[in-house]
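Peer 1: Pasting the sequence and the predicted model now:
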Amino acid sequence: MYEQENQPANFADIILPVPIPNMFTYEIPSDLMPSIGIGHRVIVQFGQKKVLTGIVGKVHQRPPQDYETKPILEILDDHPVVNPLQIKFWSWMAEYYCCHLGEVMNAALPSGLKLSSESNVQLNPEYDPSLKNYPMDDREIILLEKLKEKSELSYEDCNKLLGLKSAYTIIKSLVIKGAVLVYEQVKEKYSPKIENRIRLSSPYCEDKKELEALFTLLSKRPKQEDILLKYLQEVPIYKQPEANEKGLRKQVFLEAGLSGSSLKTLIGKGVFEEFEIIVSRFEQQPVTQTEIILSDGQQEAFDSIKSQFESKQTTLLHGITGSGKTEIYIKLIQEVMESGSQVLLLLPEIALTTQIVERLQKVFGSEMGVFHSRYSDNERVEVWQGILSGKYSLVVGVRSSIFLPFDSLGLIIVDEEHESSYKQFDPAPRFQARDAAIMLAWLHQAKTLLGSATPSFESYYNCRTDKYGYTSLFQRFGGAELPTYHIADLLADRKKNLLKLDFSRLLREKIQEALNRQEQVLIFQNRRGYSPFISCEECGWTPECEHCDVSLTYHQYSEEMRCHYCGFKDKVPKACPACGSNKLNTVGVGTERLEESLSLLFPEARIARMDLDTTKSKYAYQRIFEEFSGGNVDILVGTQMITKGLDFGNVTVVGIVDADRMLYFPDFRATERTYQQITQVAGRAGRRGKKGEVIIQTRKPDLPIFTQITGHLFHELYLQEMGERKRFFYPPFVKTIKVTVKHKDGRVSERAARHLSNLIKDISLKKIVLGPEKGLIAKLRNQYIYEIYIKVDRTGNIPAIFKSELQKIIFNLGTNKDFRSVRFVVDVDPY
DNA sequence: AGCACGCCGACT
DNA sequence: GTCGGCGTGCTC
């Protein structure tokens, strides 16, 4: 105590879950000083009364200059829940993706680890009603009366009680009069799973004679006797007396149809005692397979990856579907785990199926944690804690698992690295999990393996420029053959009247043949619902943008065609400019319509559909999947959901209904995506020794992309596409940033967007600014949306400087005059 | 983002 | 009058 005056005060910079830049400095009370550290959760007051959970980001002795500090109220954990590497990772993410640290924290922490407060009202014990200091009105009296009955009321309770939208003014008045107190209550959200258990009480559990005596006693109570017998059957206390300690789940008796009331009686008599234990929400997984045997090709790839890792932090495994990438992953994971490091295996959401999880669980058992987006918050907290405690050294999970509290990663594997779902769109941070994973690995001095049958052109470019290592695996595992491709010319068929309900003659024949052979068919159409574009029925012409290498999207309400990239607009032509035909149709076929068409064309076939609409409920996906793999369905129609990670052994025919639709998607990645989706779905055909056939329907069979796909000419396709991207300034040659401007008044929104666009143009760094243009959806949730696309030169740290300039501009615009309520959303590397 | 506070319009 | 809607400013 006597030394205190000489000691400098201690401060902590706290990350709070609020969208405001920077951390917040709080004072550390000296009694809390010994137990505080980076990554601890603390409770602090934020604003007038609200209390929040924050994370300690930094501890120091520098008192802030221009404001008073509040004290840290409480430290929540003995051990940090977040480690220093994570704080670094969060900071990187906030900076790179132009968002606030608090937003990253919000995304990173399972909400079960976040606490917030609720305001409660209680009677002031000092208050003496007889004094009648102030006159009370009716509602104040109602509230006070209620508080005499119930010791506390939440604001919500008060509102209900008084039938008001907000009882705030009344509560405030009572506070001023000294009648009530308002205080904040924090509630822990995570609740462990509790299991009720039963065990024999003393002396029965120790003394066999007592137990035998008990049996004699219970011989006239058959129901109670049954319960005792059941217990002894499940818990062998004669052989293992210590087994009684753990007891037996209470539920077991009820499941066995034994009487609950008799059990209660036995507990009442003191024969059994009831107790609770905290159990995991995840079942124990036994290890059933430890030895992985690689084929020669796999072994070669494995060795190659390892030697790449000697000089490169990141390596791409380009392995065709069915080449057995999973075995290579397992082998690598085993090695890294044996060396004592952690491993993260990232999978896109739709690929994180029970199939692959079960496969990995056989090898890694309970050392492996699974992190699924469908998990409840309590389950997420348990995975988090499982990593902290060292229970899990391998996690298989979706995008957000990069935020789990790893402290010694040795390897991150990003499977299906080309998947666009690795990019988070909506709430900030708008991160690309694959790219973030590479940064995370770098922070851990770990390696990253990107795996794909159809690599993203960006990753492949990084291989070609020697930034990443590269390993290919082009043999199918078990010697299975690659599928044969056929191109079906939709226009030719239409002219000959062979096109029936969107199915070409060839595809119909192939389906029929498969059905005759009792084999299965996949029909791929990446669209549900209807969002039509325009196409000439005669020649297949589709309008394209004059300034960009993308097709125009038809907007029915404004009767025009638009480019979503540069904002180019055009009127809908009356006749086709290519051939003069006036048969310009809106085209659009979704999975639902295909399902219907198939049932008309093949009335004897059993048809199912798998898309977002049919898999909304929790187990629907699994049900459809099992129906199909169990052979109860002949034809499965679906969106990209059917292209991922599923291994259907009996599929021999895959139909791609409309390849053109993918190709003319208004996006510079359209060609890349088309190639990827076709190749991915084609990979579902002809596994396990049966040769598969893939039928691609198109109106433009002569396009080079089709020969490139059917001839497996990935590299040629890549080179051609890179030429285009270089010419039109698209990634990877530039860095793209999208700014979305939102306001409920369309005029304000447009003015703000124009103003911003001009300010961006004034930044003296090499870049191209496109727009502002109305958003694809011009009005969303009563907000008018404008978008600005920026292509920034990516040499050196130009993008970083540009981003900080951009943020300054946006910040100033926010404080400025009439744009205060305008929202600006920055999306770095948008998809 | 929340939340307080203040101004203003609608309605018993 | 009173209620509640919304605009504005602030949070260590």
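Peer 2: Now that the structure is in, tell me what you want to look at.

Peer 1: Please, where are all the strands along the stretch 501-650 of chain A?
Peer 2: For the stretch 501-650 of chain A, applying DSSP state E, counting those that start in this stretch gives strands covering A:520-524, A:533-536, A:553-555, A:560-562, A:569-571, A:584-587, A:607-610, A:635-638.

Peer 1: Which of those comes out lowest on mean pLDDT?
Peer 2: Lowest mean pLDDT of the strands of the stretch 501-650 of chain A: strand A:553-555, a mean of 61.

Peer 1: ok, now how distant is A:Ser821 from A:Ile438?
Peer 2: Taking CB to CB, to the nearest Å as the measure, A:Ser821 falls 38 Å from A:Ile438. In this view, the C-beta of every residue, glycine as well, is placed from N, C-alpha and C.

Peer 1: I misspoke; the intended subject was A:Gln697.
Peer 2: 38 Å.

Peer 1: In stretch A:92-104, which residues are buried?
Peer 2: Across stretch A:92-104, burial judged by 16 or more other CB atoms under 10 Å covers A:Trp92, A:Met93, A:Ala94, A:Tyr96, A:Tyr97, A:Cys98, A:Cys99, A:His100, A:Leu101, A:Gly102, A:Glu103, A:Val104.

Peer 1: Spell out which parts of chain A neighbour DNA strand B.
Peer 2: Chain A has residues A:Val18, A:Pro19, A:Ile20, A:Gly47, A:Gln48, A:Lys49, A:Lys50, A:Ser119, A:Tyr168, A:Lys172, A:Arg823 near DNA strand B, with proximity defined as CB under 7 Å from any atom of the strand.

Peer 1: picking that back up, select from the buried residues of stretch A:92-104 every entry located in helices.
Peer 2: Cross-referencing these against helices under DSSP state H gives A:Trp92, A:Met93, A:Ala94, A:Tyr96, A:Leu101, A:Gly102, A:Glu103, A:Val104.

Peer 1: Export those as a markdown table, with columns for pLDDT and distance to A:Tyr238.
Peer 2: Shown next, in a markdown table, are those (pLDDT from 0 to 100; distance: CB to CB, whole Å):
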| residue | pLDDT | distance to A:Tyr238 |
| --- | --- | --- |
| A:Trp92 | 97 | 60 |
| A:Met93 | 97 | 58 |
| A:Ala94 | 96 | 61 |
| A:Tyr96 | 97 | 64 |
| A:Leu101 | 95 | 60 |
| A:Gly102 | 94 | 59 |
| A:Glu103 | 94 | 60 |
| A:Val104 | 96 | 57 |
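
Peer 1: Now these in CSV, please, with extra columns for distance to A:Asp207.
Peer 2: Listed next are these as CSV, based on distance: CB to CB, whole Å:
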residue, distance to A:Asp207
A:Trp92, 64
A:Met93, 62
A:Ala94, 65
A:Tyr96, 68
A:Leu101, 62
A:Gly102, 61
A:Glu103, 62
A:Val104, 60
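
Peer 1: and of those residues, the nearest to A:Glu156?
Peer 2: A:Gly102 (25.4 Å; CB to CB).

Peer 1: Pull the contacting residues for that closest one.
Peer 2: Residues near A:Gly102 by CB atoms under 8 Å, 6 or more residues apart in numbering: A:Ile15, A:Leu16, A:Pro17, A:Val18, A:Pro19, A:Ile20.

Peer 1: Please verify my assumption that the second one contacts A:Gly54.
Peer 2: Yes: in terms of CB atoms under 8 Å, A:Leu16 counts as a neighbour of A:Gly54; the distance is 4.5 Å.

Peer 1: Counting neighbours, what do you get for the residue lying closest to A:Ile28 once chain neighbours are set aside?
Peer 2: Spatial nearest neighbour of A:Ile28, chain neighbours left out: A:Asn10 (4.2 Å); criterion: CB to CB, 6 or more residues apart in numbering. Residues within reach of A:Asn10, counting by other CB atoms under 10 Å, total 19.

Peer 1: got the contact list for A:Asn10?
Peer 2: Contact partners of A:Asn10, counting by CB under 8 Å, 6+ apart, are A:Glu27, A:Ile28, A:Ser30, A:Met33, A:Val59, A:His60, A:Gln61.

Peer 1: how deep is the second one tucked in, by neighbour count?
Peer 2: Using other CB under 10 Å, A:Ile28 has 23 neighbouring residues.

Peer 1: Now a ChimeraX select for only the buried ones of the residues of chain A next to DNA strand B.
Peer 2: Buried residues within the residues of chain A next to DNA strand B, by 16+ other CB under 10 Å, are selected in ChimeraX with:
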select /A:18,119
